[in-house]
Structure formats: C-alpha cells, structure tokens
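Student: After the sequence you'll find the predicted model.
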Amino acid sequence: MKSIGDRIKQSRVALGLSQADAAKKLNISTPAFCKIETGQTDLNISRLLQISKIFKVPVVQLIDDKTVATDPSAELAALKKELIEKEEEINKLRKKVIDLYDKLGM
C-alpha cells in the first residue's frame, strides 16, 4: 500500500516537477518537501489542501490509495449509496429516541 508521500511524489512526477519546483510552489524548502514525500514529516490539513490544489488532484486521491484510478461516476454512485444507508440509520435512531420519549412519558 502506498503512503501519502508516495502518492504526492507520483502526482508531482506526473506534472513533470522536480522536488525543488514543488517546494518553491509550496513556499517551503526542498529538504522540507523531501521529508513530506518520504513520510518523515506529518502533514496538516492546510498543507495537504495546498498540495492538492497545486498538483491539481483531489485530496482524497492523496489520502486513499484506492481512489487513484476510480471512475468518478462509480465513486459518486458509491457515495450516494453510503448516504442513503446513513440516512436510513439516522431514521432508525430517530425512531428509537421517539420510542424512548414515549416510554418515559415525555
């Protein structure tokens, strides 16, 4: 399984950027960028968003190895299915809360 650093490197190489070029675009030193790619430094969300924007890739592609080659329509369908499942779960929980209120006489 690839790490976030590996996926960042893959995205950088796909754009034809050197580590120095990428570091310059991110306003950090080349060694600091190297540490990101090698996993020696943890990324915060703002840095991850910045990398995503500069490399023109979705954040999820940098985070999750499975989404790299995913068809966007298939991903959308999976997200819709998950949303429907979560909504059904919420409705069941709402019913339980209402039943509990009824039992308590509220």
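Tutor: Thanks, I have it.

Student: what about residue 102, neighbour count?
Tutor: As a burial measure, the neighbour count of residue 102 was computed by other Cβ atoms under 10 Å and equals 9. In short, each C-beta sits where N, CA and C put it, glycine included.

Student: Rounded mean pLDDT for the longest helix belonging to the chain, please.
Tutor: Across the chain, the helix with the greatest residue count (assigned by DSSP state H) is helix 72-104. In this model, helix 72-104 carries a mean pLDDT of 89.

Student: Measure how far it is from the centre of its chain, please.
Tutor: Between the centre of helix 72-104 and the centre of its chain there are 23 Å (Cα atoms, centre = their mean, to the nearest Å).

Student: what do you get for stretch 53-61?
Tutor: Averaging C-alpha coordinates over stretch 53-61 and over its chain gives two centres that are 9 Å apart (Cα atoms, centre = their mean).

Student: I'd like the average pLDDT over it.
Tutor: The pLDDT scores in stretch 53-61 average 91.

Student: Give the buried residues for it.
Tutor: By neighbour count, with 16 or more other Cβ atoms under 10 Å as the criterion, the buried positions of stretch 53-61 are 55, 57, 61.

Student: Columns distance to residue 44 and secondary structure on top of those residues, output as TSV?
Tutor: Shown next, in TSV, are the buried residues of stretch 53-61 (distance: Cβ to Cβ, whole Å; DSSP: H, G, I helix; E, B strand; the rest coil):
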residue	distance to residue 44	secondary structure
55	17	helix
57	18	coil
61	18	helix
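
Student: Would you convert those into TSV that also reports distance to residue 77?
Tutor: Conversion of the buried residues of stretch 53-61 to TSV gives the following (distance: Cβ to Cβ, whole Å):
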residue	distance to residue 77
55	26
57	21
61	18
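
Student: out of those, who's nearest residue 13?
Tutor: The shortest approach to residue 13 among the buried residues of stretch 53-61 belongs to residue 55, at 10.1 Å (Cβ to Cβ).
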